[in-house]
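Asks: turn this into a structure:
(one chain, ligands or ions: 1)
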Amino acid sequence: MSRFWSPVVGTLSPYVPGEQPKLRNLVKLNTNEHPYGPSPRVLEAIRGACDDTLKLYPDPSSDSLRQAIADNCGVRPEQVFVGNGSDEVLAHVFLALLKHPRPLRFPDISYSFYPVYCGLYGIDHETVPLTDDFRIDPEDYLPGRNGPAGAIIFPNPNAPTGRALAVGDIERIAAGNPDAVVVVDEAYVDFGGESAIPLIARHDNVLVVQTLSKSRSLAGLRVGFAVGSRELIDGLERVKNSFNSYPIDRLASAGAIAALQDREYFERTRQAVIKTRQDMARGLGALGFDVLPSAANFVFARHPGHDAAALAAALRERGIIVRHFRQPRIEQFLRITVGTDEQTGLLLAALADILNAR
Ligand code: PMP
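Replies: I've put the predicted structure just below:
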């Protein structure tokens with residue numbers, strides 16, 4: 001606490017992102033980045049945008065980027081909102097759409113930034129436990145079981161479990177809560193989930209949030225977006241224009257558009273990650289791990305005979321970093337990002353070594 005801080009600052013519990021180590025040569029499987037670099041066309045586009053025009057502000061409404069996203073998603077540009085990473089998009093979503101007299105509802109185990117935004121904006125919220133096998137039960141989000149919610153948000157596939165919900169179930173949730181916004185955070189959807197974007201044509205309360213950080217290998221560029229009805233997008237624009245006129249810089253816009261246009265590279269690299277995930281899940285299973293079915297670019301696994309924190313520490317000693325959450329229900333799990341085949345081989349060999357030594 002400082003006497004200079006606004007009072008709210010002392011009450012915040014900021015989000016702690018996964019470590020970005022300064023050491024090189026680590027096998028970095030802790031923050032769900034894509035193991036392959038972005039499309040060469042992205043680098044070319046960014047280099048092409050490095051010129052004298054950087055003296056000018058970028059387009060405040062990011063029209064060409066929104067058009068590229070609209071083309072990809074089969075919607076109109078007015079149904080697209082863009083931001084500096086999907087974290088910024090989510091921040092605006094929380095303030096613009098999720099603060100209501102009734103509490104916001106989300107799963108007990110989901111993206112740990114959600115309660116942080118609630119703290120920042122003073123949003124009343126309630127969590128609903130995932131099932132024993134770490135699934136979202138759609139019934140929990142219908143007014144019949146837990147009463148009406150002010151709004152609903154969940155990641156699909158969920159993080160950090162990796163489990164996906166079928167679009168039919170999401171539609172039941174949207175149809176059952178016509179007066180509440182239902183936000184589907186699809187950061188990982190391209191690795192095996194089914195997008196809820198088609199629902200926005202039928203349900204004006206559905207907002208889908210996606211990012212270029214994962215399946216487009218652009219975590220360093222910071223571009224995310226939301227797709228939904230005009231009404232929802234207009235609310236987001238009002239908040240954004242009360243916060244930052246230019247969240248997408250010229251280089252980010254050029255790179256993001258090129259990434260969205262190179263569909264062949266996107267398809268090839270995401271399929272490579274999906275294939276490696278299957279090999280990794282099989283390898284972990286063979287070592288005795290319980291692995292939750294994953295539709296994401298990471299797996300969530302626990303070993304019945306070994307403490308997860310100890311395993312994470314032993315991996316770190318061998319130069320491999322994975323994510324461990326000290327949180328009830330999941331403290332015996334490791335979240336392991338799908339890397340290259342070579343990194344996966346190193347991970348499995350290191351785990352075999354650690355398990356044998358105990
Ligand atoms: N949603 C979920 C579920 C995530 O795991 C992440 C990544 N930490 C994000 C959103 C934010 O990603 P970004 O800001 O890089 O778009």
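
Asks: pull out the buried residues from stretch 59-74.
Replies: For stretch 59-74, a neighbour-count test (16 or more other C-beta atoms under 10 Å) marks 61, 62, 65, 66, 68, 69, 70, 72, 73 as buried. Just so you know, the C-beta spots here come from the backbone N, C-alpha and C atoms, and that holds for glycine as well.

Asks: how close does the second one sit to residue 197?
Replies: Read it as residue 62. Here the criterion is C-beta to C-beta, to the nearest Å. By it, residue 62 lies 19 Å from residue 197.

Asks: go ahead and confirm residue 214 touches residue 32.
Replies: Yes - counting by C-beta atoms under 8 Å, a contact exists between residue 214 and residue 32, whose distance comes to 6.2 Å.

Asks: please enumerate the shared neighbours of these two.
Replies: Residues touching both residue 214 and residue 32 (C-beta atoms under 8 Å, 6 or more residues apart in numbering): 188, 297.

Asks: which neighbouring elements make contact with the longest helix along the chain?
Replies: Of all the segments of type helix in the chain, defined by DSSP state H, the longest one is helix 263-286. Contact partners of helix 263-286 among helices and strands, from 3 or more C-beta pairs under 8 Å, 6 or more residues apart in numbering; DSSP states H and E: strand 290-291, strand 298-302, helix 341-357.

Asks: all helices of this protein, in order?
Replies: 7-11, 40-49, 63-73, 85-97, 114-121, 143-146, 167-176, 230-240, 250-261, 263-286, 308-317, 341-357.

Asks: now the angle from the last one to helix 308-317?
Replies: What that stands for is helix 341-357. With axes from the mean of the first three to the mean of the last three C-alpha atoms, to 10 degrees defining the directions, helix 341-357 sits at 120 degrees from helix 308-317.

Asks: next one: helix 341-357 to chain centre, how far?
Replies: The chain centroid and the centroid of helix 341-357 are separated by 27 Å under C-alpha atoms, centre = their mean, to the nearest Å.

Asks: that older thread, between the helices and strands packed on helix 263-286, which one is closest to the ligand.
Replies: With C-beta to the nearest ligand atom, the closest approach to the ligand among the helices and strands packed on helix 263-286 belongs to strand 298-302: 9.1 Å.

Asks: could I get the CA-only coordinates of that closest one as CSV?
Replies: Extracted C-alpha coordinates of strand 298-302, given in CSV (Å, rounded to 0.1, in the frame of the first residue of the first chain):
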residue,chain,number,x,y,z
PHE,A,298,-1.5,-28.0,-24.5
VAL,A,299,-2.4,-31.0,-22.4
PHE,A,300,-3.4,-31.2,-18.8
ALA,A,301,-2.0,-34.3,-17.0
ARG,A,302,-1.4,-35.7,-13.6
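
Asks: now do that strand, average pLDDT.
Replies: When the per-residue pLDDT values of strand 298-302 are averaged, the result is 98.

Asks: before we move on, the earlier item: show me which of the buried residues of stretch 59-74 is closest to the ligand.
Replies: Proximity of these to the ligand, judged by C-beta to the nearest ligand atom, is greatest for residue 69, which lies at 13.4 Å.

Asks: and the nearest residue to residue 60 once chain neighbours are set aside, what's its pLDDT?
Replies: Spatial nearest neighbour of residue 60, excluding adjacent residues (C-beta to C-beta, 6 or more residues apart in numbering): residue 245 at 4.7 Å. On the pLDDT scale, residue 245 is placed at 96.

Asks: and what of the one 4 residues further on?
Replies: With respect to pLDDT, residue 249 has a value of 98.

Asks: my read is that it contacts residue 58, right?
Replies: Yes - with the criterion set as C-beta under 8 Å, residue 249 and residue 58 qualify as a contacting pair; they are 5.6 Å apart.

Asks: please say which of these two ends up with more neighbours.
Replies: More neighbours sit around residue 58 than around the other of residue 249 and residue 58, counting by other C-beta atoms under 10 Å; the figures are 20 against 17.

Asks: beta partners of residue 299?
Replies: Using DSSP bridges, the beta-bridge partners of residue 299 come out as residue 336.

Asks: OK, contacts around residue 206?
Replies: For residue 206, the contacting residues are 170, 174, 181, 182, 184, 196, 199, 200, 228, 229, taking C-beta under 8 Å, 6+ apart as the criterion.

Asks: repeat that for 6 Å
Replies: Contacts were defined as C-beta atoms under 6 Å, 6 or more residues apart in numbering; by that measure residue 206 touches 174, 182, 199, 200.

Asks: now the stretch 1-150 of the chain, which segments are flagged as low pLDDT?
Replies: Using pLDDT under 70 as the threshold, the predicted model of the stretch 1-150 of the chain has no low-confidence range.

Asks: near the ligand, which residues of it? Just list them.
Replies: Taking C-beta under 6 Å from any ligand atom, the part of the stretch 1-150 of the chain that reaches the ligand is made up of 85, 86, 87, 111.

Asks: the nearest residue to residue 344 once chain neighbours are set aside - how many residues pack around it?
Replies: The shortest distance from residue 344 to any non-neighbouring residue, by C-beta to C-beta, 6+ apart, is to residue 280 (4.8 Å). Other residues within reach of residue 280 by the criterion other C-beta under 10 Å amount to 26.

Asks: was I right about residue 280 contacting residue 345?
Replies: No - taking contacts as C-beta atoms under 6 Å, residue 280 lies outside contact range of residue 345: 9.6 Å.

Asks: residues touching the closest residue to residue 312 other than its chain neighbours, list them.
Replies: Spatial nearest neighbour of residue 312, chain neighbours left out: residue 324 (4.3 Å); criterion: C-beta to C-beta, 6+ apart. Contacts for residue 324 (C-beta under 6 Å, 6+ apart) come out as 308, 309, 312, 334.
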